[in-house]
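Novice: Kindly return the folded structure for what I paste below:
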Amino acid sequence: MNKRKKKSKFPAKYVLLIMSLFCLVIIGCSVKLSFSSSAANHVVGYVIIPMQKGINRVGQALTGLRENFVTKEALQAENEELRTELASVQEQLNQVQLNQDEFNQLRELYGMDQTFSDYEKVAARVIGKDPGNWFSTFQIDKGSNDGITKDMNVIADGGLAGIVTDVGPNYATVRAVIDDNSNVSCKDLATSNLCIVSGSLQSMNESSMIHFSDLSDKENKVAEGDQIVTSNVSDLYLEGIPVGYITEITDDANQLTKSGKVATIVDFEHMEKVFVILQTKDAITEHQGE
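Specialist: As a prediction, the model looks like this:
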């Protein structure tokens, strides 16, 4: 069986070279004859001009590719520069937002400080909490070294946050008013009628509210929107600290008292800073009795 001979491949560059030489010969001849010969004119018209057009097209295509390549590189470099600038601007905006948040928190703390100016206080940062969505029990970064003792009241967002239950040298644990073990003697600020506000994590999960009960209201003056504050008969809580606002009212079976729900003033889902009042109810009562 005869093997087929492989077709030899003639390099394209040689074809281009031969065509170029041929063009030069034709051009030279045409110049020498000064284009007086009609034959030369026919050669120029049928051979050289189409070849020149083809060469021009190739040159234009190559020029376009080169320009596109340069333009693409320039665009890539510009995009990379813009990404860097955008990242820098975003970082600056984030820092501005953090500074604004910090300023707002400090302003709120200052507002609380002015609201409860009669009490000596210390600001503290929340550093830990029990598992779950709510700050029902949380830790702060101030303790006995800062004058904090058990049963001191804790405020945040302009309202009652809870009470100190445990103290270390540089930390303290706070039980919030929403905790299941929290019961605070309160009153309706509009009517001065007493009630009990009880924490409930289940109720917080269901409606973000806690309960009030045993609210005496023989004259039916209690209304939704009334503010609930700590009462003067509370054993542990100082009088007059806002707790929240009545959102629902229900008549009890005895027809003498009412129960319902309270929307707390403090945001117990997001807590960062608090104030601890550096006087307990017992200490103030003893001082007033002297």
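
Novice: Asn205 contacts Asn133, doesn't it?
Specialist: Yes. Between Asn205 and Asn133 there is a contact under Cβ atoms under 8 Å: 7.2 Å. Every residue, glycine included, has its C-beta placed from N, CA and C.

Novice: measure stretch 167-174 end to end?
Specialist: 9 Å (Cα to Cα, to the nearest Å).

Novice: quick one: contacts of it?
Specialist: 124, 127, 137-146, 148-150, 154, 161-166, 274, 276 (Cβ atoms under 8 Å, 6 or more residues apart in numbering).

Novice: Please pick the buried ones from those.
Specialist: 124, 137-140, 142-143, 146, 148, 154, 161-164, 274, 276 (16 or more other Cβ atoms under 10 Å).

Novice: Mark which of the residues you listed are part of helices, please.
Specialist: Members of the buried ones among the contacts of stretch 167-174 lying in helices (criterion: DSSP state H): none.

Novice: Which two of those residues have the greatest separation?
Specialist: Thr137 and Asp146 (19.8 Å; Cβ to Cβ).

Novice: Packing partners of the host helix or strand of Gly260?
Specialist: Element membership for Gly260, per DSSP states H and E: strand 257-264. When contacts are defined as 3 or more Cβ pairs under 8 Å, 6 or more residues apart in numbering; DSSP states H and E, strand 257-264 sits against strand 210-216, strand 242-251.

Novice: would you turn these into TSV with mean neighbour count?
Specialist: Below are these laid out as TSV (neighbours: other Cβ atoms under 10 Å):
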stretch	mean neighbour count
strand 210-216	20
strand 242-251	18
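
Novice: can I get the ones you listed in TSV with mean pLDDT?
Specialist: What follows is the helices and strands packed on strand 257-264, written out as TSV (pLDDT from 0 to 100):
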stretch	mean pLDDT
strand 210-216	95
strand 242-251	96
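
Novice: And those: which comes nearest Glu224?
Specialist: Of all the helices and strands packed on strand 257-264, strand 242-251 sits nearest to Glu224, with 5.4 Å by Cβ to Cβ.

Novice: Sheet partners, orientation included, of that closest one?
Specialist: Take DSSP bridges as the rule and strand 242-251 pairs in its sheet with strand 227-230 (antiparallel), strand 257-264 (antiparallel).

Novice: angle of that strand against strand 210-216?
Specialist: With axes from the mean of the first three to the mean of the last three Cα atoms, to 10 degrees defining the directions, strand 242-251 sits at 70 degrees from strand 210-216.

Novice: Any chance you could list what contacts strand 242-251?
Specialist: Residues from elsewhere that reach strand 242-251, judged by Cβ under 8 Å, 6+ apart: 158-160, 177, 184, 186, 188, 197, 209-210, 212, 222-230, 258-265.

Novice: go on, stretch 130-150?
Specialist: Residues outside stretch 130-150 that contact it (Cβ under 8 Å, 6+ apart) are 122, 124-129, 154, 164-176, 178-180, 199, 201, 204-205, 268-269, 271, 274, 276, 278, 280.
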